[in-house]
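Novice: I would like the atomic coordinates for the input below:
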Amino acid sequence: PKPPPPNPQALEYRTSDRNEKSETLEDVLNPKSDDHNPHLLGRPIGMPFPPSPGENSGKDTRPMRERFATTFNKEHNQQRRRELRHAFQKPYFRDWSNMKWHEGKTFHANPRLFRRDRGLWFPNFVGETLVPGSSREESTTEVLRGKVSVVCVYSSEWAYQQVDSFVGKKQNPEVREVLEMSGNVAQRVDVNVEESLAKYWILRPFFARLRKGRRKEDYGRYFVVRKGITDQIRESIGLLNSKVGYVYLVDVDCKIRWAGSGPSWPEERETIVKGLQKMILEAR
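Specialist: Residues are numbered from 1 along each chain as shown. Alright, predicted model coming up:
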């Protein structure tokens, strides 16, 4: 069946007075109403500051004395309480229940690239790659910086199939053709999010199998990320449903210029190709 037309409502934060509660990106994309159609992504998404390698590793590298002092810091403890309260208020099965609406599609992709001067940044993720014999964790920023990237984020086979509907060899072969003809200007980067330690150890023995379908130069472009993806990061880049796949077009400065979610729609498969071609021309 033909997908419903996107809601043209622009997604903007409210600049309201102090008495009115401001809306977050999650409030706009998941309104509490009977309208379950994915909204059009009408404003840039991303982090407000450039990423740096090593950020968001999920590890506390501060000295023991500083960490001990933070334990008795009132402001830090209040912030931690707010984060825990937000986590407990989130229904455990919400992501699964949202899958019944358009297969979990969070938003409708922007029809045109976000302007370079207004774009926001893709955060740094830290994870293990498929490079044989290397257990050292790498940063995505080191791979993304200086190249046009198609970044695919997923955490399950279901989400991977949704990503493939945008960039798969059979579903949208033009994306691969554009990447191959870019002359090493563009690349595909996969981010497999496995926050469950048990799932990570189940996946790890299959690294050799994951290498079979990839070229050697792509081993370092596949990341398995376990920690460091906070609620703030998820909300900033629209990664609101952990069971859904997401695709981003990221430019040479690590800015998000286009984003898609869930299963692709025909017009989205066209816009990702056109957007990728335009970004390659900009990079050249």
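Novice: show me where the stretch 151-284 of the chain has helices.
Specialist: With DSSP state H, counting those that start in this stretch applied, the stretch 151-284 of the chain shows helices at 157-167, 173-180, 197-203, 207-212, 231-236, 266-283, listed in chain order.
Novice: Let's have these in TSV, adding distance to residue 74.
Specialist: In short, each C-beta sits where N, CA and C put it, glycine included. As requested, those are exported to TSV (distance: least, C-beta to C-beta, whole Å):
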stretch	distance to residue 74
helix 157-167	40
helix 173-180	51
helix 197-203	32
helix 207-212	45
helix 231-236	21
helix 266-283	46
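Novice: Go through those and name the closest to residue 43.
Specialist: For residue 43, the closest of the helices of the stretch 151-284 of the chain is helix 231-236, at 12.0 Å, according to C-beta to C-beta.
Novice: buried set for that closest one?
Specialist: Of the residues in helix 231-236, 233-236 count as buried by neighbour count, 16 or more other C-beta atoms under 10 Å.
Novice: Could you do stretch 264-281 as well?
Specialist: 264-265, 268-269, 271-273, 275-280.
Novice: now do stretch 110-120
Specialist: Across stretch 110-120, burial judged by 16+ other C-beta under 10 Å covers 110-111, 113-114, 119-120.
Novice: could you dump those residues to JSON lines with pLDDT, distance to residue 251 and secondary structure?
Specialist: Below are the buried residues of stretch 110-120 laid out as JSON lines (pLDDT from 0 to 100; distance: C-beta to C-beta, whole Å; DSSP: H, G, I helix; E, B strand; the rest coil):
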{"residue": "110", "pLDDT": "94", "distance to residue 251": "14", "secondary structure": "coil"}
{"residue": "111", "pLDDT": "93", "distance to residue 251": "18", "secondary structure": "coil"}
{"residue": "113", "pLDDT": "96", "distance to residue 251": "9", "secondary structure": "coil"}
{"residue": "114", "pLDDT": "95", "distance to residue 251": "10", "secondary structure": "coil"}
{"residue": "119", "pLDDT": "93", "distance to residue 251": "7", "secondary structure": "coil"}
{"residue": "120", "pLDDT": "96", "distance to residue 251": "11", "secondary structure": "strand"}
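Novice: Return the member of those nearest to residue 70.
Specialist: Nearest member of the buried residues of stretch 110-120 to residue 70, counting by C-beta to C-beta, is residue 120, at 28.7 Å.
Novice: Figure out the length between the terminal residues of stretch 130-144.
Specialist: End-to-end distance for stretch 130-144: 16 Å, by C-alpha to C-alpha, to the nearest Å.
Novice: returning to what we had before: compare the mean pLDDT across the helices of the stretch 151-284 of the chain and name the weakest.
Specialist: Among the helices of the stretch 151-284 of the chain, helix 197-203 has the lowest mean pLDDT, at a mean of 75.
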